[in-house]
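Undergrad: Here's a sequence, model it:
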Amino acid sequence: MLEKIFKLKEHNTTVRTEIVAGATTFLTMAYILAVNPNILGTVMNPNGVFVATALASAIATFVMAFLANYPIGLSAGLGLNAYFAYTVCLGELADVENAFTIALTAVFAEGVIFIILSFIKVREKMINSIPQNLKYGISAGIGLFIAFIGMQDAGIIVSNEATIVGLGDFSNLNMILAILGLFIIAVLVHYNVTGAVLIGIIVTWIIGMVLEAAGIYTDGSLFPDFSRGLQLGAIADTAFKLNFGWAASHIVQFLAITFSFLYFDLFDTVGTVVAVAEKANLLDDEGNLPRVGAVFLSDAVGTTCGALLGTSTVTSFVESSAGVAVGGRTGLTAFTTGCFFLVSLVLSPVFLAIPSFATAPALIYVGMLMLMSFGKIKFDGDIADSIGAYLAIVMMPLAYSIAAGIMFSVIAWVILKVCTKKVKDISPVMWGIFALFMLRIAALIGNFQ
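TA: So this is what the prediction gives:
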């Protein structure tokens, strides 16, 4: 039955490999179950946000599994949740009572718009129109980006007033454990141990708990805490809290908020899908992704359901590349990840106890794997392709934004094509993407004036 649904043999994979890959993807994504309630909890019931996040993630990932048959997990996007809470609710709508209901309405509207765009294949044309060199650059850039995130989570890279970033403190046990975890994964990979990344996460966590039991690790408890119960009923405080009345009476402001959600979700998803698909060798000979429309529809359905349940924009997670790295190739990987999100509802203390120093090594290792796309970039050819790929690579980690990396990449590519008299290489879709980014820049300039 699984073979018929997911076409495992066609993708040269097995049930065991897919399940391990799905578990690995979940564990590298599980932090969102702790982070999202912390961020949205500033304006909503955090326990309700937890339940909404787990349910929306499961629904979206199941749609990805059965509709698109790709190994991509989805959940509430980082950055988008911060924009939801701090910029919209505590910023633009600070004087509005229950501002989160308006933000949820904007997210719902965004999801509906994306569903429509998915059916008319606008997003599909967009991703298939990105030049191959830029796709490789996007993949490599995201590799650096998630490695940077992993190193921050581990305390290997820290903020520094003099140089912006700097090396962490070696007296920090979290940093030492993360580095140890990276070596564990590397050694397991060398010996071709199936599920090396997943095993590395679990072993590193166990080592931390042993050190805590011995009184050596004192930076909080690493053991699951079931004392507060599950609190599943808290979703009543977040579900179906849309506010169409305010949206209708403040249409201009509401549309501005909705467009911002649209922009970040669109290009974060495009970048993530390109990177994961390239790593999994899912792109065809022309560099296009088959069934990409189904991928975007999964994202759109997840966002719509998430808004109804009470969480910010649901999007494809770049951490899915961790599952791909251990062999995930089909929707069975995504299905497994979705099942873990459902299980997290009754075992939330376990999943929330997984420390960042245990998952950080997985992100750092997968970042290296994705950076391998750098070797496929043709730097000795067209200057537009070279500069476009280069800017995607450097801007994502430095600007801390996948969307910003794609923006600089596309704008540079189009301008250089025009300057080198190769306008015919620019497709209508790329002109459209270029126009969207220029509008975004204009909006940013306006915000600073």
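Undergrad: The stretch 1-150 of the chain: helices as residue ranges?
TA: Per DSSP state H, counting those that start in this stretch, the stretch 1-150 of the chain carries helices over the ranges 2-6, 15-29, 32-40, 46-63, 80-82, 99-119, 122-129, 132-154.
Undergrad: In TSV, list these along with mean neighbour count, distance to residue 186 and mean pLDDT.
TA: (C-beta placed from N, C-alpha, C; glycine too.) Output for the helices of the stretch 1-150 of the chain, formatted as TSV (neighbours: other CB atoms under 10 Å; distance: least, CB to CB, whole Å; pLDDT from 0 to 100):
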stretch	mean neighbour count	distance to residue 186	mean pLDDT
helix 2-6	14	30	85
helix 15-29	25	15	90
helix 32-40	22	26	82
helix 46-63	27	28	93
helix 80-82	20	32	78
helix 99-119	22	39	92
helix 122-129	20	33	72
helix 132-154	26	14	84
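Undergrad: Now do residue 396, the pLDDT please.
TA: As summarised for this prediction, residue 396 has a pLDDT of 86.
Undergrad: distance between stretch 71-83 and the chain's centre?
TA: Chain-centre distance of stretch 71-83: 5 Å, with CA atoms, centre = their mean, to the nearest Å.
Undergrad: Just send the helices of the stretch 1-150 of the chain back as JSON lines, with distance to residue 192 too.
TA: Below are these laid out as JSON lines (distance: least, CB to CB, whole Å):
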{"stretch": "helix 2-6", "distance to residue 192": "24"}
{"stretch": "helix 15-29", "distance to residue 192": "13"}
{"stretch": "helix 32-40", "distance to residue 192": "30"}
{"stretch": "helix 46-63", "distance to residue 192": "28"}
{"stretch": "helix 80-82", "distance to residue 192": "38"}
{"stretch": "helix 99-119", "distance to residue 192": "39"}
{"stretch": "helix 122-129", "distance to residue 192": "33"}
{"stretch": "helix 132-154", "distance to residue 192": "22"}
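Undergrad: Which one of these lies nearest to residue 88?
TA: helix 99-119 (4.7 Å; CB to CB).
Undergrad: distance of the residue nearest to the spatial centre of the chain from residue 364?
TA: Centroid-nearest residue in the chain: residue 317, 2.8 Å away (criterion: CA atoms, centre = their mean). Residue 317 sits 16 Å away from residue 364, going by CB to CB, to the nearest Å.
Undergrad: correct me, but the residue nearest to the centre of the chain touches residue 275?
TA: No. Between residue 317 and residue 275 there is no contact under CB atoms under 8 Å: 10.8 Å.
Undergrad: Can you show me the strands along the stretch 151-300 of the chain?
TA: In the stretch 151-300 of the chain, the strands defined using DSSP state E, counting those that start in this stretch lie at 157-160, 164-167.
Undergrad: Flag every buried residue along the last one.
TA: By neighbour count on 16 or more other CB atoms under 10 Å, the buried set for strand 164-167 is empty.
Undergrad: Quick check: mean pLDDT of that strand?
TA: For strand 164-167, the mean confidence score works out to 90.
Undergrad: partner strands of that strand, parallel or antiparallel?
TA: strand 157-160 (antiparallel) (DSSP bridges).
Undergrad: Averaged pLDDT, the partner strand. What do you get?
TA: 89.
Undergrad: Identify the bridge partners of the residue nearest to residue 160 when sequence neighbours are not counted.
TA: Nearest-residue entry for residue 160: residue 166, 3.4 Å, with adjacent residues in sequence omitted and distances by CB to CB, 6 or more residues apart in numbering. Applying DSSP bridges to residue 166 yields these beta-bridge partners: residue 158.
Undergrad: mind listing what residue 166 touches?
TA: By CB atoms under 8 Å, 6 or more residues apart in numbering, residue 166 lies in contact with 157, 158, 159, 160.
Undergrad: Check residue 427 too.
TA: Residue 427 touches residue 129, counting by CB under 8 Å, 6+ apart.
Undergrad: Could you number the chain from 57 rather than 1 from now on?
TA: Sure, I'll start counting at 57 from here, so that last one is residue 483.
Undergrad: Name the single longest helix found in the protein.
TA: helix 307-335 (DSSP state H).
Undergrad: now the residue nearest to the centre of the chain: how far from residue 335?
TA: 13 Å.
Undergrad: Please report how far the closest residue to residue 367 other than its chain neighbours lies from residue 293.
TA: Spatial nearest neighbour of residue 367, excluding adjacent residues (CB to CB, 6+ apart): residue 108 at 4.3 Å. Look at residue 108 and residue 293: by CB to CB, they are 10 Å apart.
Undergrad: Now for the two: what residues contact both?
TA: Joint contacts of residue 108 and residue 293 (CB under 8 Å, 6+ apart) are residue 366.
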